[in-house]
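Student: Build me a model:
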Amino acid sequence: MATMTVPRTRVHLHPVRLRLGLILAIAILAGSNLVSNRVLTGLAYVPWNLAVAALLIVVARRCGLSWADLGLQNRRLRKGLLVGAVAASLVVLIYTIGWALPATRSAFADQRAAGSVQTLLFAALIQIPLGTVLLEEIAFRGVLPALFGGERFWPTALASSALFGLWHVLPSFGVTAANAAMGATIGGIGLLAQTVLVVLAMTGAGMLLMVYRRWGGHLVSPMIAHVATNSLGVLIAWLVITHT
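Tutor: Reported below is the predicted structural model:
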C-alpha cells in the first residue's frame, strides 16, 4: 500500500538550528558591512557582495530552509515579476514628478553620482543590481525573515527591516555633505540625529520592500522595486548634476 508523502512545513524545522543560523547570518552581514564600507574599493565590491549573498543562502539551506521559505520558488516567479513591475512603475512616476518640479529637483543633486557615462552605466546596471540589491534582498527579505521564523508577517518584517536600517549606519556618514538639499534640511541637527533619521527611513523602506515580497510571493518583487529606486535615482542625479 502506497504511503502519502506529507509536505515539509516550518514546524519540522529545528528551532535551535534556526537561532544559530540567525546569529551566524547577522555576524556575516555585520562583517560584510564593515568590509564593503571601510575596506573594499572599486570593482571588488560586486564579487564580494555576490559571495556574501551565496554564503547566506548556504547557511539558510543548511538550516533546513526551502527555496519557498527564501522567496525563491519558481511557481511564484510570474506573480513576483508582475508585482515588481507595478512597484517599479510607481517609482518611475514619483521620480519623474520629482525631477520635473523645480522645487524638488535639487533633492536629486547628489555628488556621489558625479562621473563619466561609463561610471554611471556601471553603477546603474552592475554595481547596484548585482553588488547592492542582490545581497540586500537575499539577506533582508529572504534569509533573515526565514530564520526569524516567518510565521507572523509583521513582527518578522519589522525585525528584518530594523536590521536593514542598521545596515545603513556606515553608508549614512557623509550623506549630507554629498547632497546639498539633504544637508540644508538635516545637516544642522548633528551626526547622531542624522544617523537615526537614516536608520528610521531605511527601516521604513525595508518594511515597504517586505510588503512587496508578501504581495508578489517571490523575492524578485522587492528586487525589481529596489533596482528601480536606486538605479533610476543615480541616473536622475547624474542628469541633474551634469545638465544644470
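
Student: max-length helix in the protein?
Tutor: helix 191-216 (DSSP state H).

Student: Name the residues that touch stretch 67-79?
Tutor: Contacts to stretch 67-79, defined as C-beta atoms under 8 Å, 6 or more residues apart in numbering, come from residues 10, 57, 60, 66, 80, 138, 141-143, 146, 150, 213, 216-220. (C-beta placed from N, C-alpha, C; glycine too.)

Student: from the chain's centre, how far out does the longest helix of the chain sit?
Tutor: Relative to its parent chain, helix 191-216 has a centroid offset of 9 Å by C-alpha atoms, centre = their mean, to the nearest Å.

Student: and the helix or strand following that helix, C-alpha only, in CSV?
Tutor: For helix 191-216, the following helix or strand on the C-terminal side (DSSP states H and E) is helix 220-242. In CSV, the C-alpha atoms belonging to helix 220-242 read as follows (Å, rounded to 0.1, in the frame of the first residue of the first chain):
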residue,chain,number,x,y,z
VAL,A,220,12.0,39.2,-7.4
SER,A,221,9.3,41.7,-6.5
PRO,A,222,11.4,43.7,-4.0
MET,A,223,14.5,43.2,-6.1
ILE,A,224,12.8,45.0,-9.1
ALA,A,225,11.5,47.8,-6.9
HIS,A,226,14.9,48.2,-5.2
VAL,A,227,16.8,48.3,-8.5
ALA,A,228,14.3,50.8,-9.9
THR,A,229,14.7,53.0,-6.9
ASN,A,230,18.5,53.0,-6.7
SER,A,231,19.4,52.8,-10.4
LEU,A,232,16.9,55.4,-11.6
GLY,A,233,17.9,57.6,-8.7
VAL,A,234,21.5,57.5,-9.7
LEU,A,235,20.5,58.2,-13.4
ILE,A,236,18.4,61.3,-12.4
ALA,A,237,21.1,62.5,-10.0
TRP,A,238,23.7,62.3,-12.8
LEU,A,239,21.4,64.2,-15.2
VAL,A,240,20.8,66.9,-12.6
ILE,A,241,24.4,67.3,-11.8
THR,A,242,25.7,67.3,-15.4
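
Student: about what we covered before: residues of the longest helix of the chain that come out buried?
Tutor: By neighbour count on 16 or more other C-beta atoms under 10 Å, the buried set for helix 191-216 is 194-195, 198-199, 202-203, 205-216.

Student: mind checking which helix or strand of this structure has the lowest mean pLDDT?
Tutor: Within the chain, no helix or strand scores below helix 180-186, which has a mean of 54 by mean pLDDT, DSSP states H and E.

Student: out of the contacts of stretch 67-79, which are buried?
Tutor: For these, a neighbour count by 16+ other C-beta under 10 Å gives the buried set as 57, 60, 66, 80, 138, 141-143, 146, 150, 213, 216-220.

Student: Mind telling me what element Val52 is part of?
Tutor: Counting by DSSP H and E, Val52 is found in helix 45-62.

Student: Which other helices and strands does that helix contact?
Tutor: helix 15-38, helix 134-137 (3 or more C-beta pairs under 8 Å, 6 or more residues apart in numbering; DSSP states H and E).

Student: Need the residues that contact the last one.
Tutor: Residues from elsewhere that reach helix 134-137, judged by C-beta under 8 Å, 6+ apart: 32, 49-50, 52-53, 56, 164, 167, 209, 219, 222-223, 226.

Student: Next: the first one.
Tutor: With C-beta under 8 Å, 6+ apart as the contact definition, helix 15-38 has outside contacts at 45, 48-49, 52, 55-56, 59-60, 62-64, 135, 139, 143-144, 147-149, 163, 167, 170-171.
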